[in-house]
Structure formats: C-alpha cells, structure tokens
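> Curious how this folds, go ahead:
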Amino acid sequence: GAMPGIALFLVLVVVLSPCPILEVPVIFTSAFTYPTPSRQYINTRDHKYFSQRLSPLSIRSITPELHSTPNRQQELDESSTTVTTNDTDINPPPKRKRTIKKTEKFARLPVWPAWNGALLFLLSRIPLIPPEQIAKWEDAIGGRVCPNFFTPDSTSPFIMLVHHRHSFAPWDPLRFFQKTFFPEGFPSHPHRGFITMTYILKGGFVHRDSLGVRQVYGAERRHGGKHTQWLTTGKGLLHEEMFDIAPDDDKGLPFLQPSSQELYQLWLNVPSSYKLCPPKVELLGGDGVGGSSTPTVLSTDGRIKTVVICGEYGGQRAHVQTLSPVSILHVTMKKGEGTVWQHDSLPESHRTGIIYVRKGALMIAGERVPPHHTAYLSEDAGAVLTVEAADDSYDEEVDFLFLSGSPLQEPVAAQGSMVMNSYDEINDAYGDYQVGRMGRPWSETLSDEEWREHIREFPCVYKTDEYDV
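Numbering: from 1, shown residues only. Purely as a prediction, here's the structure:
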C-alpha cells in the first residue's frame, strides 16, 4: 500500500539510481513480461539450425502419448493424497550427487504497487542492510515481479519462470489513479505452442478465455484448494487473467486489510508434434472427495512438505498429463539441524534441473543459495539431489521450487507470446491471431454476460466440443 513520503522516495530513486529501475516493461503476456528476443534459440548442439529454418508444421489431429498412467490416476482419486516419508531419517544412498552448475539472480521490477517496489530498491542500495533482509520485507509488503529469462538451449523444456509478489490496499489512493491506465492483471492476449503453468501462493486469479471458459482459482479458502492452472495453448487461444482482489483470510478488518497476491508462472515448451494440438485449460489442486490432483508428501517429523504439481515424488504422482517427461515440486522446510530434503528417484532422462529459492537460504553440495536466486544443476543422469536448510538463513523456513525435465532437443523460436520451432511458424501464429482464428480481444471491463456474448460472436476456431459457450 501507499507509504508516507512516497513521493520523496520515488524522486530519490530516480535521482540516485544509476540503472533504469523504474522503466517497467509495458508488454505483459500471460501474467508476466516477455521481451522480443534478438535471435532464434536453438536447443541442439547441431549449429546447422542457425542457418536453416523448419517448414511450418501442418495442422493435424494428434493423439499424444501422455506421460501419466490412467490406472494410477484412478488409484490416487480413490485414496488420500497426503503421505509421510522418512526424508529426515534415511541415510543418503551411495550415489552421485547433483551439484550446482551456475547460480543467477534476475532483476526484480517494481509494480503493484510500484511505490513499494521502489522503496525496496532504495533500501537495497544501503550497504548496511543485507539483501536477505530486503527479501523478507518484500515478502511482507509486495510490490515486485521477477522474470527469470532462461536460455532454452540449456534449460529445455523450461522457457521462463516469473515470481510475482504484489499487494492491493483498499485505502491506497495512488492505486486507483494507477488503475486508470494500468489494469490490475493481464487483459486478453494470445498464445500458441506451449504450456503456461500458473501456481498461486497468495490471493488468486479470475480467468476468462476465447474458448468460453471462466475460472476462479487461488490460494484462499474461497478457491476450494484449486491453486494451479495448467493451460495447454496448442493451436492458439486468447486468455485474460485478472487478480481476484479480496481481503486476506483471517487478517483484521476487511476495509483495512490489503489483498496479498503471490504466484509463479512458468512457460513450459512442448515437443513440435504437440504444438498444434487443440487448446485446453484445467485447474489443479482441490480438497474435496477423491483428494487433490496435486498430492502432498510430508516427512515423518512434519518438518518438510512437498507439493507435487506435476511428475512424481515420494511414491505420489500428480494427475496432470504432460506432453514430455517433466516434474514441478514446491518444497518447504523448517530450519534446523538435520533437516534435509532428498530426491533419489529422478528419472535418468531429467538432465535439466533448476531450483528457484523463494524464502530462506539453502545448501546444495556445500554451496549456499540465498533467497531470490536461481540455481542451475549439473546434468548427472540418475544422481541424487540433496537440499539442506542453511543454518545462517534469515528465515525460519526455506521455500523453493524445483523444476526438472528431459531436454526436447528441438529448435526453439520464441517471440512475444508465441513459442514455436521456427520464425516462419511464429509469423503464421501472429497471422492467425490477426485474422481472428484465436478469437478477438475483449476489454477486461466487460461483465461476464458481455464477455460471453463477445465470445459467441468471435469464437476461437480451434476450440473443441467440450467448451460450449
């Protein structure tokens, strides 16, 4: 929310900062900023792809070989999805351990509210304040977004990960001025050729798309445990994600309580044979009969919790069907001696491994990774990953997201909100968007009935019969 003397802070930031921190990107796509790349990224060691382009893919019916076992999914539907393991009690097996290849910290940009982000940036310039203290303050007040721009030739199938932390206060006058030119969310925009995974940690989103689907999902009680959206963009569609702004649960008077919002969004590439499959959107999570589609694995002492968003861990498999071997795990650990999280059953094909630290500091193979840093792991096939909570962490809890998967070994062309295998295919995608095959954009101010009428008039031609407006 707004803070006293914010105008002075903003002036000081602009005057004192040697870098253009307030030049927030204005191209927002699918809940985060995305730059137009200056070259085509090629996910192969064969450099002939730099001089050759693939011919455009033909649009055809595809029956993917999904990496999920229906019988196993049925078993999970009929059983509890919270299990216990002996993470902290088992001695590590005598296997090779995955190590850190590189650590990186990406820029954190001020937005929602920008004045909070600017204040955090100003405080970060004071040498006496440790960066980990700034990270704790960001967690408390919000106001920043951090796009992790991956390099597809070394992080396949992951294209990028964005961490959002925002706050919307009902008593903030600057917020209502900002809304007149900067909507609180992401108005309708197109996608083709990949998957977006949006995982909500605080607050929520209201989703509407050109298939005629409206969804409300998030981390609050009102969302019924549906915390993740899995959007397979396929041939293409338009979607809108606007923040579901309401006071935080159980925190003071509603008219004074700001709406905290925090989320991850991941862009996940798919094999070329699936880039033009029909678009599909589904919600993951849930606490009703049949359990959750994202099972939770607890250590026997309750100090470690692992949410399996996709893939498998601790004998539990998430329900979502992926188009290539991939795993996404959210891990929280209580700081303390002997607190160790271990993954000793990573598939040998998962040569790509990435850890983003949200809170606290952790140790991997003797190397410390602070909060808000991204660690790229070694490509040792079949090696064990061991993560410890750092004893000198500023937080009592360590919180990280672990991504692993099998590299696709295919060319990658990414521009704006499209991800294909060549720039000819990118041009085809934008051509289809411009003539309305993915639907026509709508205003985020439309009521649900007005939006449905718009979708009936300008439907996405790629939608299947399961999506009736």
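
> Does the residue at minimal distance from the centre of the chain fall in a helix, a strand, or a coil region?
The centroid of the chain falls nearest to Gln265 when counting by C-alpha atoms, centre = their mean (2.0 Å). Classification of Gln265 using DSSP: H, G, I helix; E, B strand; the rest coil returns strand.

> you'd agree it is up against Val162?
Yes: with contact defined as C-beta atoms under 8 Å, Gln265 reaches Val162; the gap is 4.9 Å. For glycine as for every other residue, the C-beta is placed from the backbone atoms N, C-alpha and C.

> Local confidence estimate at the residue nearest to the centre of the chain?
If you check Gln265, the pLDDT there is 98.

> just Lys48 next, same as before
32.

> same question, the one 5 residues further on
At Arg53, the pLDDT value in this model is 31.

> go on, the one 4 residues further on?
Looking at Leu57, its pLDDT is 32.

> Pop out the phi and psi values for Arg222.
Dihedral pair for Arg222: phi -60, psi -10, per degrees, to the nearest 10.

> before we move on, the earlier item: who does the residue nearest to the centre of the chain bridge with?
Note on Gln265: beta-bridge partners by DSSP bridges are Val162, Thr198.

> That one and Met197, how far apart?
Distance, Gln265 to Met197, by C-beta to C-beta, to the nearest Å: 7 Å.

> Lys305 too?
For Lys305 relative to Met197 (C-beta to C-beta), the value is 19 Å.

> ok, those two, which is more surrounded?
When Lys305 and Met197 are compared for neighbours, Met197 comes out ahead with 21 against 17, by other C-beta atoms under 10 Å.

> Test my guess that the more buried one contacts Ile328.
Yes: Met197 is within contact range of Ile328, at 6.7 Å (criterion: C-beta under 8 Å).

> Could you name every residue contacting both of the two?
Common contacts of Met197 and Ile328 (C-beta atoms under 8 Å, 6 or more residues apart in numbering): 266, 309-310.

> gap between the helix or strand hosting Val206 and the chain center?
Taking DSSP states H and E as the definition, one finds Val206 inside strand 204-209. Computed by C-alpha atoms, centre = their mean, to the nearest Å, the chain-centroid distance of strand 204-209 equals 15 Å.

> again, but for stretch 402-412
Taking mean C-alpha positions (C-alpha atoms, centre = their mean), stretch 402-412 and its chain are 16 Å apart.

> Just the buried residues of that stretch, please?
Neighbour-count burial for stretch 402-412 flags 402-408, 410-412 (criterion: 16 or more other C-beta atoms under 10 Å).

> which stretches of the protein have low pLDDT?
Per-residue confidence for the chain (pLDDT under 70) gives these ranges: 1-94, 249-252, 287-291, 468-469.

> what are the ranges of the helices in the stretch 301-450 of the chain?
Using DSSP state H, counting those that start in this stretch, the helices found in the stretch 301-450 of the chain span residues 423-434, 448-457.

> between those helices, which gets nearest to Arg96?
Nearest to Arg96, of all the helices of the stretch 301-450 of the chain, is helix 423-434, at 39.1 Å by C-beta to C-beta.

> picking up where we left off before, what would the buried residues of stretch 402-412 look like in TSV with distance to Glu388?
What follows is the buried residues of stretch 402-412, written out as TSV (distance: C-beta to C-beta, whole Å):
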residue	distance to Glu388
Phe402	14
Leu403	19
Ser404	18
Gly405	24
Ser406	27
Pro407	27
Leu408	32
Glu410	36
Pro411	38
Val412	34
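
> Looking at these, point me to the pair that's furthest apart.
Every pair of the buried residues of stretch 402-412 checked by C-beta to C-beta; the farthest is Phe402 and Pro411, at 26.8 Å.

> still on that earlier bit, can you list the strands that the strand holding Val206 pairs with?
strand 214-218 (antiparallel), strand 237-243 (antiparallel).

> Pro187: which of those is closest?
That would be strand 237-243 among these, by C-beta to C-beta, at 5.6 Å.

> Flag every buried residue along that closest one.
In terms of neighbour count (16+ other C-beta under 10 Å), strand 237-243 has its buried residues at 237-241, 243.

> and that strand, how far from the chain's centre?
Here strand 237-243 is found 15 Å from its chain centre; the criterion is C-alpha atoms, centre = their mean.

> between it and helix 423-434, how many degrees?
Strand 237-243 runs at 70 degrees relative to helix 423-434, counting by axes from the mean of the first three to the mean of the last three C-alpha atoms, to 10 degrees.

> What lies in contact with strand 237-243?
30-31, 166, 168, 183-191, 198, 203-211, 231, 259, 261, 279, 281, 438-442, 444, 460, 462-463.

> Could you do stretch 458-466 as well?
209-212, 234-238, 278-280, 436-440, 469.

> tell me which residues of it are tucked away?
For stretch 458-466, by 16+ other C-beta under 10 Å, it's 458-460, 462-463.

> Need the max-distance pair from those residues.
That would be Phe458 and Tyr462, which, of the buried residues of stretch 458-466, are the farthest apart (C-beta to C-beta) at 13.1 Å.

> just the strands in the stretch 151-300 of the chain please.
158-168, 185-191, 194-202, 204-209, 214-218, 226-232, 237-243, 259-269, 280-285, 296-299 (DSSP state E, counting those that start in this stretch).

> Turn the ones you listed into JSON lines, columns for distance to Glu396.
Formatted as JSON lines, the strands of the stretch 151-300 of the chain follow (distance: least, C-beta to C-beta, whole Å):
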{"stretch": "strand 158-168", "distance to Glu396": "19"}
{"stretch": "strand 185-191", "distance to Glu396": "32"}
{"stretch": "strand 194-202", "distance to Glu396": "17"}
{"stretch": "strand 204-209", "distance to Glu396": "26"}
{"stretch": "strand 214-218", "distance to Glu396": "25"}
{"stretch": "strand 226-232", "distance to Glu396": "23"}
{"stretch": "strand 237-243", "distance to Glu396": "29"}
{"stretch": "strand 259-269", "distance to Glu396": "18"}
{"stretch": "strand 280-285", "distance to Glu396": "26"}
{"stretch": "strand 296-299", "distance to Glu396": "16"}
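
> Between those strands, which one is closest to Val357.
strand 158-168 (10.0 Å).

> Which neighbouring elements make contact with that closest one?
Secondary-structure packing of strand 158-168 (3 or more C-beta pairs under 8 Å, 6 or more residues apart in numbering; DSSP states H and E): strand 32-33, helix 131-141, strand 144-149, strand 259-269, strand 352-359, strand 397-405.

> and the ones you listed, which is most packed in?
strand 259-269 (a mean of 24; mean count of other C-beta atoms under 10 Å).

> Name the nearest residue to Asn148, ignoring sequence neighbours.
Leu161 (4.4 Å; C-beta to C-beta, 6 or more residues apart in numbering).

> Test my guess that that neighbour contacts Leu401.
Yes: using C-beta under 8 Å, Leu161 is in contact with Leu401, at 7.5 Å.
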